[in-house]
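>>> Sharing a sequence plus its predicted fold:
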Amino acid sequence: MHSMNFGIVKVRVTPAARFVAWSFLCALLCGVPALAQDAKDYPTRPIRFIVPYPPAGGTDVVARILSEPFAAALGQPIIIDNRGGAAGNLGTDIAAKSAPDGYTILFTLSSHTINPKLYDKLPFDVERDFVPISLAALSPQILVANPSVPANNIRELIALAKTQPGKLNFASVGTGSPAHIAGELFKLKTGVDMVHVPYKGGGPAIADTLGGQVQLAIVTLPAAIQYVKAGRLKALAIASDKRSAAAPDIPTIAETVPGCVVNSWYGALAPAKTPPAIVAKLQAALVKVLAMPEVKEKLFAQGAEAASSTSAEFGSRIHDELQQWEYVIREAKIKVE
């Protein structure tokens, strides 16, 4: 038995106690490089992409375009896990509650910043429960009209709508969708009175616009561009902050109505408390993938533009949009049916 002095108090320490104390100290000292080593060696097994929407939708398509080169960049397979339901909230909740170890990534779209202001008491917080990795792509919303509508641009549409309050209607892919938000923001900015008609998907919305059941539609560019090129729909404008490289001749709404911008995006986030070194490694890999010409071409074919960002930039976008959509949803009195 050995004795140890602590001030004026003498404490007797047994060999067993000394061994436990030294073991504990070694564990503490060795644990720090072990954590660094984990981040250095990451990943060592497949990574799961939770896509909170069904297969074959835009989010799923973009995730699958990125998954193979992303897997190659990280040296591990990417598994796409579609968890559709509750307007994306089901899969988002699953991701929020997943282990923060870098092996679960939420791959979602811009409804991520709309849903928290549209649905009461969600079981997750999009800022507190996630750490942004990077933006992945931009996919603009386009405002199109049936050829019978006597308006060929935004200025003419505003004039027409003001002479026929409540008579014009516009289709979207659903209440609270980015397309619906774009339409309501347009109404708030211009003071026009148009009626929103929600559909379950871009296909039905376009079909009824082609058939004249509704005069206007706001959908993603890929859903409408083929009909615009064929002359079956008129492209009035897109809702993004800049013109799309996929259709550079189509102006933005903001060119006529300043501030009328709804940037639709896809992006990747990790559960909160995922180690910063792992988030940085994922972000760097995604930036590398999004710079590949073949990836850009595949996204472009879907009407999307590759667009990476830093984690902080993506976080700022999310924060700003949460405030913006809260205003639009409140002022337009949007309610989920």
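Received the coordinates, thanks.
>>> Please enumerate the strands of this structure.
Secondary structure of the chain (DSSP state E): strands at 2-6, 9-13, 47-51, 78-82, 104-109, 130-138, 141-145, 169-172, 195-198, 216-220, 234-238, 265-271, 305-306.
>>> Any chance of those in a markdown table with mean neighbour count and mean pLDDT as columns?
For glycine as for every other residue, the C-beta is placed from the backbone atoms N, C-alpha and C. Output for the strands of the chain, formatted as a markdown table (neighbours: other C-beta atoms under 10 Å; pLDDT from 0 to 100):
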| stretch | mean neighbour count | mean pLDDT |
| --- | --- | --- |
| strand 2-6 | 9 | 46 |
| strand 9-13 | 9 | 44 |
| strand 47-51 | 23 | 97 |
| strand 78-82 | 17 | 97 |
| strand 104-109 | 26 | 97 |
| strand 130-138 | 25 | 97 |
| strand 141-145 | 27 | 96 |
| strand 169-172 | 24 | 96 |
| strand 195-198 | 16 | 96 |
| strand 216-220 | 28 | 94 |
| strand 234-238 | 24 | 97 |
| strand 265-271 | 25 | 97 |
| strand 305-306 | 22 | 94 |
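>>> could you dump these to TSV with distance to A207?
Formatted as TSV, these follow (distance: least, C-beta to C-beta, whole Å):
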stretch	distance to A207
strand 2-6	82
strand 9-13	82
strand 47-51	25
strand 78-82	25
strand 104-109	22
strand 130-138	26
strand 141-145	12
strand 169-172	9
strand 195-198	12
strand 216-220	10
strand 234-238	16
strand 265-271	25
strand 305-306	26
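>>> of all the ones you listed, which lies closest to L286?
strand 130-138 (4.6 Å; C-beta to C-beta).
>>> quick one, the closest one and strand 265-271 angle?
For strand 130-138 against strand 265-271, the angle by axes from the mean of the first three to the mean of the last three C-alpha atoms, to 10 degrees is 160 degrees.
>>> Surely A87 and P116 touch.
No - using C-beta atoms under 8 Å, A87 is not in contact with P116; the gap is 11.3 Å.
>>> ok, back up a step: so for A285, which of the strands of the chain sits nearest?
strand 130-138 (9.2 Å).
>>> Give me the helices and strands touching the closest one, please.
helix 58-74, strand 104-109, strand 265-271, helix 276-290, strand 305-306, helix 311-331 (3 or more C-beta pairs under 8 Å, 6 or more residues apart in numbering; DSSP states H and E).
>>> again, only this time at 7 Å
helix 58-74, strand 265-271, helix 276-290, strand 305-306, helix 311-331 (3 or more C-beta pairs under 7 Å, 6 or more residues apart in numbering; DSSP states H and E).
>>> taking the mean pLDDT, what do you get for the first one?
This predicted structure assigns helix 58-74 an average pLDDT of 95.
>>> Only C-alpha atoms, please: export it in CSV.
Backbone C-alpha positions of helix 58-74 (Å, rounded to 0.1, in the frame of the first residue of the first chain) are rendered in CSV as follows:
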residue,chain,number,x,y,z
GLY,A,58,-37.5,15.1,-58.0
THR,A,59,-35.7,14.7,-54.7
ASP,A,60,-35.2,10.9,-55.3
VAL,A,61,-33.9,11.5,-58.8
VAL,A,62,-31.3,14.0,-57.7
ALA,A,63,-30.2,11.9,-54.8
ARG,A,64,-29.7,8.9,-57.1
ILE,A,65,-27.7,11.0,-59.6
LEU,A,66,-25.4,12.0,-56.8
SER,A,67,-25.2,8.7,-54.9
GLU,A,68,-22.8,6.8,-57.2
PRO,A,69,-20.1,9.5,-57.6
PHE,A,70,-20.5,10.4,-53.9
ALA,A,71,-19.9,6.8,-52.9
ALA,A,72,-16.8,6.7,-55.1
ALA,A,73,-15.5,9.9,-53.5
LEU,A,74,-16.0,8.5,-50.0
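>>> Pull out the buried residues from it.
Going by neighbour count (16 or more other C-beta atoms under 10 Å), the buried part of helix 58-74 is 58-67, 69-71, 73-74.
>>> angle of that helix against strand 47-51?
Going by the same axes, to 10 degrees, helix 58-74 makes 170 degrees with strand 47-51.
>>> Tell me the one of the buried residues of helix 58-74 nearest H112?
Using C-beta to C-beta, the buried residues of helix 58-74 come closest to H112 at T59, 10.2 Å.
>>> which residues touch V149?
V149 sits next to Q215, L216, K234 when contact means C-beta atoms under 7 Å, 6 or more residues apart in numbering.
>>> Excluding residues flanking it in the chain, which one is nearest the first one?
Read it as Q215. V149 (5.0 Å; C-beta to C-beta, 6 or more residues apart in numbering).
>>> What separation do you get for the one you found and A217?
Distance of V149 to A217, given as C-beta to C-beta, to the nearest Å: 11 Å.
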